[in-house]
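# quick one: sequence and predicted model below, then my questions.
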Amino acid sequence: MKRIFTVLALLALMTSAVNAQVKSVSAAQSAVENAKKDVENPKKNTKFATWIKYGKALIDAYDAPAGSGWINANHQELQLVSGNEKPLSVEKVTLAGQEWDKEVYPTRNYYFNAAGQLGLIEITKPVYENALDMALEAYSKANELDVKHSKAKDITGAILSIAGKYIDEAYTAYTLGDLAKASNFFEKAAIANATEPVCQVDSNSIYNAAFTAWLAGNNDRAKEFFDKSLEIGYYGEDGETFAKLADIAEKAGDSEKSKDYLEEGFQKFPQSQSILVGLINYYLGNNGSTDRLFELLGEAKKNEPNNASLYYVEGNICNQLGKTEDAVAAYDKCAEIDPNYAFGYIGKGQMFYNQAIKFSEEASNEMDDAKYMALVEKFENSLKACIEPFEKSLDILKDENTKIAVAEYLKNACFRFRTADDSYQQKYEKYSAMVAGAQQ
């Protein structure tokens, strides 16, 4: 009986909250208008409490149209807190390659992912278009008036909350495909975090403002924020900031500047594939020589002679240039320097596997029998050659996802020879089981 009473009390509490939420949009707007009167009153607008009240009212007004939903909530949870509120319509939509259930309400759209969880909240009828902007200004004014910093903690918390809401808006816009809007919200998040008394450098939002502008094709804006990223020492994953600035410079017709960005990035992130590919394309496209690239790599080796990853990079360069023997030597050097470095083996295995794919495609288009058989022999030799390095990598890999990716390669390679030799059949079954186990 006590448990039933507790559940009923909880439901009553939720119902009460829902009833309050139904009135929240109009109540929030009324609260803002009342607070606004105080900030316009010369007798009251010199007090920080007036501006804090105004800022809080604006945040409440921003939140009101979102309804009772929260990210990761499921339908059952929402039904408990939203009472009998039903969506105006429901439809399936595809966003960023994923299918979502879109529920349309008078002030918002809810997007539920394949797991049935609320993943996005899109406000379609805000109380005020710029509520967060006005709230940030209000709290900034409150901080200015709070000369004794008696409310610094409250003001800091509010501004951080505003910054977080800007970031949520940015990711929502990004998922909905509005890249320019996402970039603007990321910029606003960075501005909020830089506002006193928070005074934080939001490197992630600065970079994301640049990245989404770049995706939107607004290269001038992208460059502005990528430059800011460099200024604060934030280079993105594997130095992607350098690769993007190089791309922007190349599109602007400044190949020399593009090269400078790539070389600087390569010195800091020699393992970056995007920087590496950019440099190879630059040198082959401009003077047909990659000598400078090997010079840069040589300088890196002098600084870190025991860095196995530098030989992995060298192997990748040689592989892309078609220098198979040199690539093998570089990949093998990785294990010589660091027996626990798996990527030398993986690079070697991928090179032979990709060569096998290439020979297979060439064979399928060859009409001459003799040439066809020669290509098939090359195909099989390359496919067999990839097995040993891949298997060696499995012995030392720690990351499960990478292990499964390697097992997928091995499964495909061993499948070809499973009827010719029982050992390949056993390996095929072993690696098939690994892949199947990961998919369960």
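The structure has been received and is ready for your questions. Quantities reported herein were computed from a predicted structural model and do not represent experimental measurements.
# quick one, strands of the stretch 51-200 of the chain?
89-95, 98-104, 108-112, 118-123 (DSSP state E, counting those that start in this stretch).
# buried deepest among these, which one?
Sort those by mean neighbour count, taking mean count of other CB atoms under 10 Å, and strand 108-112 sits at the top with a mean of 21. From N, CA and C alone the C-beta is placed, and that goes for glycine too.
# for the strands of the stretch 51-200 of the chain, give me a markdown table that also has distance to Ser272 and mean pLDDT.
Compiled in a markdown table, the strands of the stretch 51-200 of the chain are given as follows (distance: least, CB to CB, whole Å; pLDDT from 0 to 100):
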| stretch | distance to Ser272 | mean pLDDT |
| --- | --- | --- |
| strand 89-95 | 29 | 96 |
| strand 98-104 | 28 | 96 |
| strand 108-112 | 34 | 97 |
| strand 118-123 | 31 | 95 |
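# how about JSON lines for these, with distance to Asp332 added?
Shown next, in JSON lines, are the strands of the stretch 51-200 of the chain (distance: least, CB to CB, whole Å):
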{"stretch": "strand 89-95", "distance to Asp332": "46"}
{"stretch": "strand 98-104", "distance to Asp332": "42"}
{"stretch": "strand 108-112", "distance to Asp332": "50"}
{"stretch": "strand 118-123", "distance to Asp332": "46"}
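# what's the closest of those strands to Ser255?
strand 89-95 (36.9 Å; CB to CB).
# low-confidence stretches in the stretch 201-350 of the chain?
287-289 (pLDDT under 70).
# which stretches of it form helices?
Counting by DSSP state H, counting those that start in this stretch, one finds helices in the stretch 201-350 of the chain at the ranges 203-215, 219-231, 240-251, 255-268, 273-286, 291-303, 308-320, 324-337, 343-364.
# check which helices and strands the first one sits against.
Where contact means 3 or more CB pairs under 8 Å, 6 or more residues apart in numbering; DSSP states H and E, helix 203-215 is packed against helix 152-175, helix 179-194, helix 219-231, helix 240-251.
# sorry, back to before: now the helices of the stretch 201-350 of the chain in CSV, with mean neighbour count and distance to Ile123?
Converted to CSV, these look like this (neighbours: other CB atoms under 10 Å; distance: least, CB to CB, whole Å):
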stretch, mean neighbour count, distance to Ile123
helix 203-215, 23, 19
helix 219-231, 18, 24
helix 240-251, 22, 31
helix 255-268, 19, 39
helix 273-286, 18, 36
helix 291-303, 14, 49
helix 308-320, 22, 46
helix 324-337, 18, 52
helix 343-364, 20, 45
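# run a quick neighbour tally on Trp238.
Check again: residue 238 is Asp, not Trp. 18 (other CB atoms under 10 Å).
# nearest to Asp38, out of the strands of the stretch 51-200 of the chain?
Taking these one by one with CB to CB, strand 118-123 is closest: 26.3 Å.
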